[in-house]
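S.K.: Sequence and predicted model, in that order:
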Amino acid sequence: MEKLNRNSILCPNCRRLISTDEQHCPYCGLRNPGSRWKNISLGKGLLGPDRIVINIISVNAAMFILSILINPASIGFSANPLSFLSPGSKSLLLLGATGTLPIDQFHRWWTVLSAIYLHGSILHILFNMMALRQLGPLIVQEYGSYRMVSIYTLSGIGGYLASYAAGIPFTLGASGAICGLIGAALYFGRSRGGQFGQAVYQQVGGWAVGIFIFGFLVPGIDNWAHGGGMLCGVLTGFLLGYQEKNQENFYHRFLGVICVLATLAALIWAAGLALVILLYSRLS
């Protein structure tokens, strides 16, 4: 059997077979594609195009289950369907809900990241995850998985910073981040143009209008997070670009990895801190 040529690698950007001696990838132009640093990634399991949306949904589901297990006595069965099967405010505060209360009184600035993965009821998480499942694959297809996770994360943070500036005392949920994906899709559709671009712009534009109508009709909706997230999605979509303008490169991958690591750090910190506080309260 002929031995595999060890002087060939897959370009870490475009995944085509090239020589390790190439100074630039002849297909996508990536500089020093043979560098070990540029071949570092979180692997197909975490950030692969076919897994990223499912992984985000899984983390949301895990945090929702944890929020109920931490404080099961305060699960609410309210006449309001949006409050059905709700974890208690105590568990949500411990796990990283955000707003002026957690930030100003407890100095928890990291909650602008952790709150993206918390939800106040079963319907709250169900609606958000259904929207993410429908919209996420489009963003992955047009921007790439690393840019998608960056848009999702930065838009969620931006939405909660807008909410904090507006004085919202207590807020949580993935809707600001999802609105960021809507904003990125709106930018893509408007920028690309043509029949496909126009179709994307019109369909996603309808979703955007529906979200704001729903937000003004239903009490308790954080419209500041929605609006801030959508604006951040448009901005990050413009700054990062989409696949037809420029293929996902090392810097996009680096930013995506930073967003994932920051998210994991915030969620692990929140869960660990919550468990320590609960253990201490039971022992004292």
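M.R.: Arrived safely.

S.K.: what packs against the helix of greatest length in the chain?
M.R.: When the chain is parsed with DSSP state H, its longest helix is helix 250-283. Applying 3 or more C-beta pairs under 8 Å, 6 or more residues apart in numbering; DSSP states H and E, one finds that helix 250-283 contacts helix 43-47, helix 52-70, helix 89-95, helix 111-114, helix 145-165. Quick note: C-beta positions are derived from backbone N, CA and C, even for glycine.

S.K.: so who does Cys179 touch?
M.R.: 155, 159, 208, 211, 225-227, 229-230, 233 (C-beta atoms under 8 Å, 6 or more residues apart in numbering).

S.K.: Correction: the previous question concerned Lys245.
M.R.: Ser191.

S.K.: now do 7 Å
M.R.: For Lys245, the contact set (C-beta atoms under 7 Å, 6 or more residues apart in numbering) is empty.

S.K.: Need phi/psi at it.
M.R.: Backbone geometry at Lys245, expressed as degrees, to the nearest 10, gives phi -90, psi -50.

S.K.: and it, what pLDDT?
M.R.: Lys245 is assigned 89 on the pLDDT scale.

S.K.: any idea how far Phe212 is from it?
M.R.: 28 Å (C-beta to C-beta, to the nearest Å).

S.K.: According to the record, where do the domains of the chain fall?
M.R.: The record assigns the chain these domain ranges, following automatic domain parsing: 1-40, 43-283.

S.K.: weakest of the ones you listed in terms of mean pLDDT?
M.R.: Mean pLDDT per stretch puts domain 1-40 lowest among the domains of the chain, at a mean of 64.

S.K.: Not including adjacent chain positions, what is the nearest residue to the spatially most central residue of the chain?
M.R.: Taking C-alpha atoms, centre = their mean, the centroid of the chain lies closest to Tyr152, which sits 3.3 Å from it. Distance criterion C-beta to C-beta, 6 or more residues apart in numbering; nearest residue to Tyr152, sequence neighbours excluded, is Ala177 at 4.7 Å.

S.K.: List the buried residues for whichever helix or strand that neighbour is part of?
M.R.: In this assignment (DSSP states H and E), Ala177 forms part of helix 175-192. The neighbour-count check on helix 175-192 (16 or more other C-beta atoms under 10 Å) flags 175-189, 192 as buried.

S.K.: just those now: which is nearest Ala271?
M.R.: Using C-beta to C-beta, Ala177 comes nearest to Ala271 of these, at 19.1 Å.

S.K.: Run through the residues that contact that closest one.
M.R.: 116, 152-153, 155-156, 229.

S.K.: Just give me the neighbour total for Pro49.
M.R.: Using other C-beta atoms under 10 Å, Pro49 has 15 neighbouring residues.

S.K.: Helix, strand, or coil at it?
M.R.: coil (DSSP: H, G, I helix; E, B strand; the rest coil).

S.K.: Ala166 reaches Trp224, doesn't it?
M.R.: Yes: under the criterion of C-beta atoms under 7 Å, Ala166 makes contact with Trp224 at 4.3 Å.

S.K.: between the two, which one's more packed in?
M.R.: Higher neighbour count among Ala166 and Trp224: Trp224, with 21 against 16, using other C-beta under 10 Å.

S.K.: wouldn't that one be in contact with Tyr164 here?
M.R.: No: with contacts counted by C-beta under 7 Å, Trp224 stays clear of Tyr164, the gap being 8.6 Å.

S.K.: Generate CSV for the contacts of Cys179, with distance to Pro49, neighbour count and secondary structure as supplementary columns.
M.R.: Below are the contacts of Cys179 laid out as CSV (distance: C-beta to C-beta, whole Å; neighbours: other C-beta atoms under 10 Å; DSSP: H, G, I helix; E, B strand; the rest coil):
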residue, distance to Pro49, neighbour count, secondary structure
Ser155, 19, 31, helix
Gly159, 25, 33, helix
Ala208, 25, 17, helix
Ile211, 26, 20, helix
Ala225, 27, 34, helix
His226, 27, 25, helix
Gly227, 29, 21, helix
Gly229, 23, 33, helix
Met230, 24, 26, helix
Gly233, 19, 30, helix
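
S.K.: Adding distance to Gly48, write those residues out as a markdown table.
M.R.: Output for these, formatted as a markdown table (distance: C-beta to C-beta, whole Å):
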| residue | distance to Gly48 |
| --- | --- |
| Ser155 | 21 |
| Gly159 | 26 |
| Ala208 | 28 |
| Ile211 | 29 |
| Ala225 | 29 |
| His226 | 29 |
| Gly227 | 32 |
| Gly229 | 25 |
| Met230 | 27 |
| Gly233 | 22 |
